[in-house]
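[1] below are the sequence and a predicted model for it; my questions follow.
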Amino acid sequence: MKRSGILHAELSGALARLGHTDKVVVADCGLPIPAGPTLIDLAFRFGVPSFLEVLDGLLAEVVVEGAVVAGELAAGNPVIASGVAERLGETEQVQHEEFKSLVAGAALVIRTGEATPYANVILRCGVPF
């Protein structure tokens, strides 16, 4: 049994297989998920687990060198926008429709129970050295 960190076996394994520049999407429960990326569905019910809870868990285990959010996030969901900015600093912004098309190129999508608009981020993996 792991002492700490992400306990979800499938998610933990998927994170261990990521490499430099692979993309991981943390998604709200409404984001359309295309065929292609591995999907880890954590959504239990609306709001559980929250987007920021899942993001915090990932950031404790994965090196991130960049991130993309929908340009509509700041106006459409200021609470999540503030949380993302606190955790990730400056992010690239694209229109929501373009964001959805970028999801197909991700290695991994993690679906949360978040039920607020634009609560999605694409994380680009870095290396710890």
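    Yep, it's here.

[2] residue nearest the centroid of this structure?
    Compute the mean C-alpha point of the chain, and by CA atoms, centre = their mean the closest residue is Val26, 1.8 Å away.

[3] from the rest of the structure, what touches the helix or strand where it lies?
    Assigned by DSSP states H and E, Val26 belongs to strand 23-27. Contact with strand 23-27 is made by 15, 18, 31, 33, 37, 51, 54-55, 58, 62, 102-103, 105-112, 114, 119-125, as judged by CB atoms under 8 Å, 6 or more residues apart in numbering. In this view, the C-beta of every residue, glycine as well, is placed from N, C-alpha and C.

[4] could I have the buried ones of those as ChimeraX selection syntax?
    Here is the ChimeraX command that selects only those of those that count as buried (16 or more other CB atoms under 10 Å):
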select :15,18,31,33,37,51,54,55,58,62,103,106,107,108,109,110,111,112,114,119,120,121,122,123,124,125
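
[5] which stretches in the chain count as helices?
    Counting by DSSP state H, the chain has helices at residues 9-16, 51-59, 73-76, 78-88, 96-102.
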